[in-house]
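1. Here is the input, now give the coordinates:
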Amino acid sequence: PRRPTRCAEARFPRSTRGYLARVEPMIRTTHVGSLPRSAEVLAAIEEREAGGPELDPALVRRAVAECVDRQVETGLDVVNDGETAKTSYVTYIRDRLTGFGAGRRPPGPADNDLADFPEYAERVRRTRPELPVCTGEIGYRDTGPVQADIGALRAALARHPDREGFLTAASPGIVALYHGNLHYPDRESYVLAIAEAMKTEYDAIHAAGLLLQLDCPDLAVQRTFFPPDADGLAAFRRLAAENVAVLNHALRDIPPEGVRLHVCWGNSEAPHTRDVALRDVLDIVLTARAATLSFEGANPRHGHEWAVFTEVELPDDRWILPGMIDSTTHFVEHPELVADRIERYARAVGPERVLAGTDCGMATFAANESALDQRVAWAKLRSLVEGAELAARRLRRAPARSHPRAGQGSAPPADPDAHPAERDARRGARGS
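-> Okay, here's the model as predicted:
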């Protein structure tokens, strides 16, 4: 297959690290977004959440600089602000969008992810804080907070010109999933209003020369809100296709190579037995205007799904960013295991089309006890870098060839109503 052009984060840095010559094949490393915050930052966030003042801008800039320095010292290639000032990857929008306030969430479908394990569900059930609901017209309140995020990261990156930076933003679909609607007449108009407002944030991040990462757990995790049968899967696929269409509308002014999209099955240590299979939603996800697809690859319920990429027709203009590090446990993966995982993907699609990352954020909710211990999180990231270096050395000795089906054109239109078995039959009929 013809060699694809490079997306923004697949470019090589302008300088080289001494311990690894920048020659192909090499595997660049990054992570998904949140990193454990310092005790000082956590205390400030907790005070803000209790009704106190906003975080001191000087504290945030200092913390972001330290976070970026630590990522570079660890060896990561594409770095961010660790979501330092955010309470979480999605609930931060309450401070940036108008139209949200106190209210009772309207009834809706229940999440059935733990339906097979009622005793475990009872054990882990927690009382969650009430989230704001939509009670009025949605708009983007003020670009000050996103510009502060941009300024802090760019200032930190100025000391590391050989690194690329990214900032995360919540997708319209995940905002709608977390925040109930009491204002708009239907879900379609609600999600579209969110998209039009969030476009301001997306455009600002891109205009600043940073990679935009869209956090879209809704494109996988929302499967468990539907019945586990074929009709439930079909209904979920229609919703996922609607979410991608709205997201694409919000991304209409940003080239795909400036965007990466993160999909996950919920950043939790849980059974995950009702998760949607990657192959059952991948065709829809690949229609998004994002050159790089980030997804969980270390999650033990999905670790085998690298094999999907020996069958899928990965478009020429797409890259994959599978997780090589589990973000929900305190096991520190051995670099040999990380290298093994990387090589599977590299031999499926070609090493030049693989970036290595984490399954999800390492501190999704800043002050939540589920956040990884800070020292353990950094040890896991160092193992990621060492594993990528090891995989690169192995691949240089025995270069991987792209799978013969990889890189054969652009992503085909997804048919959200097609059952996966029906799509398999169609592939067989084509002699694939």
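2. Could you check how far the most centrally placed residue in the chain is from A170?
-> Nearest to the mean C-alpha position of the chain, by Cα atoms, centre = their mean, lies H262 at 2.4 Å. To A170, H262 is 11 Å away according to Cβ to Cβ, to the nearest Å. All C-beta spots, glycine's among them, are computed from the backbone N, C-alpha and C.
3. Just say helix, strand or coil for the nearest residue to D116 once chain neighbours are set aside.
-> Nearest residue to D116, sequence neighbours excluded (Cβ to Cβ, 6 or more residues apart in numbering): T273, at 5.8 Å. Here T273 is coil, with the state taken from DSSP: H, G, I helix; E, B strand; the rest coil.
4. Which of the helices and strands in the chain ranks last by mean pLDDT?
-> helix 420-429 (a mean of 44; mean pLDDT, DSSP states H and E).
5. what are the phi and psi angles of the residue nearest to D116?
-> Here is the backbone geometry of T273 (degrees, to the nearest 10): phi -70, psi -10.
6. Report how many residues lie close to it.
-> 13 (other Cβ atoms under 10 Å).
7. go on, A207?
-> By other Cβ under 10 Å, the residues close to A207 number 12.
8. Check E137 too.
-> E137 is flanked by 11 other residues according to other Cβ under 10 Å.
9. which residues touch the nearest residue to it once chain neighbours are set aside?
-> Leaving out its chain neighbours, the residue that sits closest to E137 by Cβ to Cβ, 6+ apart is G99, at 5.3 Å. Counting by Cβ atoms under 8 Å, 6 or more residues apart in numbering, G99 touches C134, T135, G136, E137, I138, G139, H183, A193.
10. can you do 6 Å?
-> C134, G136, E137, I138 (Cβ atoms under 6 Å, 6 or more residues apart in numbering).
11. circling back to that earlier point, how would you label the nearest residue to the residue nearest to the centre of the chain once chain neighbours are set aside: helix, strand or coil?
-> Distance criterion Cβ to Cβ, 6+ apart; nearest residue to H262, sequence neighbours excluded, is S294 at 4.1 Å. S294 falls in the strand class when you classify it by three-state DSSP.
12. Would you agree S294 is in contact with V285?
-> No. The pair S294 / V285 is not scored as a contact, 10.4 Å apart, by Cβ atoms under 6 Å.
13. so where's the protein uncertain?
-> Applying pLDDT under 70 to the chain picks out residues 1-25, 126-129, 367-370, 399-414, 416-432.
14. show me where it has helices.
-> Remark: helices assigned in the chain by DSSP state H are 39-49, 57-74, 118-124, 144-157, 172-178, 187-207, 218-221, 230-250, 282-285, 335-349, 374-397, 420-429.
15. Need the winner for burial among these.
-> helix 218-221 (a mean of 26; mean count of other Cβ atoms under 10 Å).
16. tell me which strands and helices that one is in contact with?
-> Packing contacts for helix 218-221, counted by 3 or more Cβ pairs under 6 Å, 6 or more residues apart in numbering; DSSP states H and E, involve helix 172-178.
17. rerun at 8 Å
-> helix 172-178, helix 230-250 (3 or more Cβ pairs under 8 Å, 6 or more residues apart in numbering; DSSP states H and E).
18. Of these, which is nearest G151?
-> Between G151 and the helices and strands packed on helix 218-221, the tightest spacing by Cβ to Cβ is seen for helix 230-250, at 22.9 Å.
19. other SSEs contacting that closest one?
-> Contacts defined by 3+ Cβ pairs under 8 Å, 6+ apart place helix 230-250 against helix 172-178, helix 187-207, helix 218-221, helix 282-285.
20. now the angle from it to helix 187-207?
-> With axes from the mean of the first three to the mean of the last three Cα atoms, to 10 degrees applied, the angle from helix 230-250 to helix 187-207 works out at 50 degrees.
21. still on that earlier bit, distance of the residue nearest to E137 relative to T168?
-> Taking Cβ to Cβ as the measure, G99 falls 22 Å from T168.
22. Excluding sequence neighbours, find me the nearest residue to L390.
-> Leaving out its chain neighbours, the residue that sits closest to L390 by Cβ to Cβ, 6+ apart is A339, at 4.0 Å.
23. Could you report the neighbour count for the residue nearest to H262?
-> Neighbour count for S294, taken as other Cβ under 10 Å: 29.
24. My read is that L42 contacts A366, right?
-> Yes. With contact defined as Cβ atoms under 8 Å, L42 reaches A366; the gap is 6.3 Å.
25. Next, work out how far apart the nearest residue to A155 once chain neighbours are set aside and D162 are.
-> Take A155 and drop its neighbours on the chain: the residue closest to it by Cβ to Cβ, 6+ apart is R61, 6.4 Å away. According to Cβ to Cβ, R61 stands 21 Å off from D162.
26. Can you tell me the closest non-neighbouring residue to I174?
-> D218 (4.6 Å).
27. re the thing from before, shared neighbours of S294 and V285, which are they?
-> L261, V263.
28. Now do stretch 157-166: distance to the chain's middle.
-> Its chain's C-alpha centre and that of stretch 157-166 lie 20 Å apart, by Cα atoms, centre = their mean, to the nearest Å.
29. That stretch: which residues count as buried?
-> Residues of stretch 157-166 classed as buried by neighbour count (16 or more other Cβ atoms under 10 Å): L157, H160, R163, E164, G165, F166.
30. Between its first and last residues, how far does that stretch reach?
-> By Cα to Cα, to the nearest Å, the extent of stretch 157-166 from end to end equals 10 Å.
31. What residues does the nearest residue to D275 once chain neighbours are set aside make contact with?
-> Spatial nearest neighbour of D275, excluding adjacent residues (Cβ to Cβ, 6+ apart): W265 at 4.5 Å. Residues near W265 by Cβ under 8 Å, 6+ apart: P217, A220, V221, H272, D275, V276, E296, N299, R301, H302.
32. Same list (those) but as TSV, adding distance to E83.
-> Converted to TSV, those look like this (distance: Cβ to Cβ, whole Å):
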residue	distance to E83
P217	15
A220	20
V221	19
H272	24
D275	24
V276	26
E296	18
N299	20
R301	25
H302	23
